[in-house]
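Novice: predicted coordinates and the sequence they were generated for:
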Amino acid sequence: MRKKILMITERRSDYSKFKPILKEISKSKKLEYALVVTGSHLLDEYGMTINEIKKDGFKILSKFDMYEKNRIDSGVGMLRSLGNCIIQLSKILEKEKPDIILAGFDIGANLAVAIAGAHMNIVVAHVEGGDVTGTIDEPIRHSITKFSHIHFTSNKEASERIIKMGENPKYIFTVGSPVMDNIITTNYISDEKLSEKFGLDFSKPFFIILQHTVTTEINEIDQYIKNILSVVKEKDIQTVIIHGNADAGSQKISKIIKNSKINQVYSINFEEYINLLKRSAALIGNSSSGIIETPFLRIPTINIGTRQQGRLRAKNIIDVGYDKKDIKKAIEKVQFDKKFLSKVKNCSSLYGNGNSAKKIIKILEDMDLSSVPIQKMIAY
């Protein structure tokens with residue numbers, strides 16, 4: 001009898017990491033998946049990315065709206081969404097009775113499923129626990145860790161941090177980030193197709209901007225994005241902006257981007273994103289992609305602000321604050337500093353090399369779930 005693994009995806013970022021795991025489960029003779037879809041996957045303004053999941057051939061067990069109709073662009077809105085998610089998932093879990101819940105990263109719906117699973121005595125496994133970040137993501141990630149029984153981390157430092165949090169080392173596995181698996185299987189898209197879709201001239205350098213909201217700095221985020229866009233306009237750099245996630249403050253940022261008249265897209269699939277990233281001069285903003293994916297691709301990152309504070313950093317990353325002068329200097333370094341660019345071309349990934357999903361699946365296939373203690377206690 002196959003072990004049933006329930007997973008929930010809320011947005012394009014967590015799906016890009018779950019996708020290689022779903023592929024490996026589909027090939028397994030010992031496991032099966034039950035996939036729940038919610039969040040921005042179901043919103044028109046984020047591209048109805050549930051259709052990408054269907055296109056990839058994954059069967060969707062259930063979907064539900066975690067956001068209210070008139071979504072409040074604040075912490076209150078996020079909190080209500082989390083509550084809705086827990087209620088809906090309690091019903092799904094009661095019906096499906098999965099053997100394992102695979103929760104991921106630092107995203108609200110995954111916290112909800114970990115909370116629900118722990119309360120219903122279901123084994124919870126967490127992917128990418130132990131990393132340090134800014135904004136509300138930091139406590140969400142560590143909360144999922146404390147509700148989880150099994151831990152799949154992206155780096156050794158994260159594993160050591162989870163041990164310090166009192167988790168049992170026996171159930172902590174350093175496997176890397178599954179997003180690397182997704183990168184190495186990404187299909188090539190021609191210059192012609194990308195140029196036509198995104199309005200870019202690949203004979204000239206271009207930058208990608210991906211700036212998410214920072215929920216703990218919500219009163220300042222409008223000025224942050226204005227500073228970034230102002231520098232880009234002043235430098236007259238070929239740029240494409242990708243709209244960020246749906247966390248509190250995202251609507252405020254999105255409105256400013258819309259009015260900037262800079263080349264922009266509301267949603268982009270992972271294959272297109274990686275193909276663009278490979279061709280770009282740098283990624284600018286505060287996405288985890290600038291910390292995890294770009295070293296693997298050897299592309300410079302200008303990381304702005306506090307959202308990714310504390311993460312392991314490769315030599316391709318330039319950290320700056322929100323001051324326009326600092327952002328301008330960083331862009332000039334990416335453009336003209338040959339010594340820095342040489343370091344970028346020789347940097348390596350700190351988050352795995354593309355075999356994470358296989359490692360996760362092998363561990364879950366072989367593990368005797370009846371031996372995993374549901375009653376958790378601090379291990380020291």
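Specialist: Ah, there it is.
Novice: quick one, what contacts Lys27?
Specialist: Applying C-beta atoms under 8 Å, 6 or more residues apart in numbering to Lys27 gives no contacts. To be clear about C-beta, it is placed using only N, CA and C from the backbone, and glycine gets the same treatment.
Novice: just Ser288 next, same as before
Specialist: 13, 133, 308, 311.
Novice: just Ser195 next, same as before
Specialist: 201-202.
Novice: can you verify it is assigned to a helix?
Specialist: Yes - checked against DSSP: H, G, I helix; E, B strand; the rest coil, Ser195 lies within a helix.
Novice: tell me the confidence at it?
Specialist: Per-residue pLDDT puts Ser195 at 95.
Novice: repeat that for the one 5 residues further on.
Specialist: Here, the pLDDT recorded for Leu200 equals 95.
Novice: rewinding a little: quick check, nearest of the contacts of Ser288 to Leu369?
Specialist: Ser13 (28.4 Å; C-beta to C-beta).
Novice: any idea which helix or strand comes after the host helix or strand of that closest one?
Specialist: Following DSSP states H and E, one finds Ser13 within helix 12-27. With elements assigned by DSSP H and E, the helix or strand that comes after helix 12-27 is strand 31-37.
Novice: which strands or helices does that next one pack on?
Specialist: strand 3-9, helix 12-27, helix 50-55, strand 60-63, helix 75-96, helix 356-366 (3 or more C-beta pairs under 8 Å, 6 or more residues apart in numbering; DSSP states H and E).
Novice: do that again at 7 Å, thanks
Specialist: Applying 3 or more C-beta pairs under 7 Å, 6 or more residues apart in numbering; DSSP states H and E, one finds that strand 31-37 contacts strand 3-9, helix 12-27, strand 60-63, helix 356-366.
Novice: that strand versus helix 75-96: what angle between them?
Specialist: 140 degrees (axes from the mean of the first three to the mean of the last three C-alpha atoms, to 10 degrees).
Novice: parallel or antiparallel, which strands does strand 31-37 pair with?
Specialist: Partner strands and pairing direction for strand 31-37 (DSSP bridges) are strand 3-9 (parallel), strand 60-63 (parallel).
Novice: got the angle for that strand vs helix 356-366?
Specialist: 120 degrees.
Novice: quick one, strand 31-37 and helix 12-27 angle?
Specialist: Using the same axes, to 10 degrees: strand 31-37 against helix 12-27 is 150 degrees.
Novice: and the helix holding Ser13, C-alpha only, in PDB?
Specialist: C-alpha atoms of helix 12-27 as PDB (Å, rounded to 0.1, in the frame of the first residue of the first chain):
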ATOM      1  CA  ARG A  12       4.300  30.300  -8.000                       C
ATOM      2  CA  SER A  13       7.400  30.300  -5.700                       C
ATOM      3  CA  ASP A  14       6.400  27.300  -3.600                       C
ATOM      4  CA  TYR A  15       5.100  25.400  -6.600                       C
ATOM      5  CA  SER A  16       8.500  25.800  -8.400                       C
ATOM      6  CA  LYS A  17      10.000  23.900  -5.500                       C
ATOM      7  CA  PHE A  18       7.300  21.300  -5.000                       C
ATOM      8  CA  LYS A  19       7.200  20.500  -8.700                       C
ATOM      9  CA  PRO A  20      10.300  18.200  -8.800                       C
ATOM     10  CA  ILE A  21       9.000  16.500  -5.700                       C
ATOM     11  CA  LEU A  22       5.600  15.900  -7.300                       C
ATOM     12  CA  LYS A  23       7.400  14.400 -10.400                       C
ATOM     13  CA  GLU A  24       9.400  12.000  -8.200                       C
ATOM     14  CA  ILE A  25       6.300  10.900  -6.200                       C
ATOM     15  CA  SER A  26       4.500  10.300  -9.600                       C
ATOM     16  CA  LYS A  27       7.300   7.800 -10.500                       C
END
